[in-house]
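Colleague: below is the structure, and that's it, no one-letter string:
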């Protein structure tokens, strides 16, 4: 982890930042929480995380963060009022300088607690947070009520301006950063790739199209299943489509996917493989990545990681993901770093995946070099950390260094 010399480091040294998030299981918000905790610890600040727990707590602690067990996932209004008092107690006890909320329910708790204690309050808008009713818009608005509101993409910033215009002047755009040292071909030992392929029961002759996302309808698993049927009908062979991700209790959706695989006649070709912890190796194992979301993504972490490691990627052309992947008509074909297709269009997805899988070695290598250069210029972990620490320092300075 890099350290930051400059006024930013000096303003934050010895300070205490408390991040609050429902759980530390998996996902972009959870990973960012740990990245920022590690950065704070590396410059001599205290990094507290109030959360119910999760599989990433051990990593948080190993990287210098402190876990404060807290019922941050509760959405019960009465419990949230009680939790606000509890969080205010923790803020005073731990002498917290900044509270950084990364999800809506705990953000309401944090907003109340920081008003009780006079503590700086910061939010990061990690999701699209669609509001189809007045009540939902009000509920979502807490993410725009920070003293500073971090948007993780231009798309997210525009969404905040449209839905919560009162927050326009407080928005800071800080794209999600990727640890490019982990997502680099030279950093992935062949044994890791081989272990995954064997665990997935993929033959040496088979190429993988990987979809890595939690199992929920808008992530586009159904579209990929339909694309798999189309590609099989066009005579493509020795390709397996792997759906990697947690069901997170969505048993009905899992059954729907299993039934659809049977209905489309792609059993054995399309497989669910569960949660994958070694994503760099999974992407190295893949011949192509698919990100066929049918609703807007607030960022596009998987697309960035795929480009970093050199795996061709096909994404839906909506939300923030197009900000992360260069493709015609925005750039000439020879400058593309991936493919964009209309959301929900299985035929277009099949055609783009076929093009990606048909690249000659020299063209694939050139695509990988362009993708790596693109993400190095815009989406590094160091850039995200530096900009976030700058926000923390500015909040402390605005409060007279208290």
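Modeller: Nice, thanks for sending it over. Keep in mind the model is a prediction, meaning the values are calculated, not measured. Residues are numbered from 1 along each chain as shown.

Colleague: distance from stretch 266-286 to the middle of the chain?
Modeller: The chain centroid and the centroid of stretch 266-286 are separated by 18 Å under C-alpha atoms, centre = their mean, to the nearest Å.

Colleague: now that stretch: buried residues?
Modeller: Under the neighbour-count criterion of 16 or more other C-beta atoms under 10 Å, stretch 266-286 has 266, 269-273, 276, 279-286 buried. C-beta here means a position set from N, CA and C on the backbone, and glycine is covered the same way.

Colleague: which pair in these spans the largest distance?
Modeller: Using C-beta to C-beta, the pair of these lying farthest apart is 266 and 280, separated by 27.3 Å.

Colleague: quick revisit: and of the buried residues of stretch 266-286, the nearest to residue 161?
Modeller: residue 279 (32.4 Å).

Colleague: OK, contacts around the closest one?
Modeller: Residues in contact with residue 279 (C-beta atoms under 8 Å, 6 or more residues apart in numbering) are 183, 212, 305.

Colleague: could you look up the next helix or strand downstream of the one helix or strand in the chain whose mean pLDDT sits lowest?
Modeller: In the chain, the helix or strand scored least confidently by mean pLDDT, DSSP states H and E is helix 6-12, which has a mean of 70. For helix 6-12, the following helix or strand on the C-terminal side (DSSP states H and E) is strand 16-20.

Colleague: ok, that next one: who's next to it in the sheet?
Modeller: Based on DSSP bridges, the pairing partners of strand 16-20 within the sheet are strand 46-51 (parallel), strand 98-101 (parallel).

Colleague: quick one, helices of the stretch 151-300 of the chain?
Modeller: 154-163, 190-199, 221-233, 251-263, 279-285 (DSSP state H, counting those that start in this stretch).

Colleague: now the angle from the fourth one to helix 221-233?
Modeller: Meaning helix 251-263. Orientation check (axes from the mean of the first three to the mean of the last three C-alpha atoms, to 10 degrees): helix 251-263 against helix 221-233 gives 10 degrees.

Colleague: re the thing from before, ok, the buried residues of stretch 266-286 vs residue 153, which is closest?
Modeller: residue 279 (20.3 Å).

Colleague: how about residue 208, nearest residue that isn't a chain neighbour?
Modeller: Using C-beta to C-beta, 6 or more residues apart in numbering and skipping residues adjacent in sequence, the residue nearest residue 208 is residue 286, 4.6 Å away.

Colleague: kindly list the main-chain dihedrals of that neighbour?
Modeller: Note on residue 286: backbone dihedrals following degrees, to the nearest 10 are phi -90, psi 140.

Colleague: surely it is in contact with residue 311?
Modeller: Yes: with contact defined as C-beta atoms under 8 Å, residue 286 and residue 311 form a contacting pair (5.3 Å).

Colleague: what touches both of those two?
Modeller: Taking C-beta under 8 Å, 6+ apart as the contact rule, residue 286 and residue 311 both touch residue 210.

Colleague: so which of the helices of the stretch 151-300 of the chain gets nearest residue 352?
Modeller: helix 221-233 (9.0 Å).

Colleague: next, count neighbours for residue 262.
Modeller: The burial metric for residue 262, expressed as a neighbour count using other C-beta atoms under 10 Å, is 11.

Colleague: whoops, residue 319 was the one
Modeller: Residue 319 has 21 neighbouring residues, counting by other C-beta under 10 Å.
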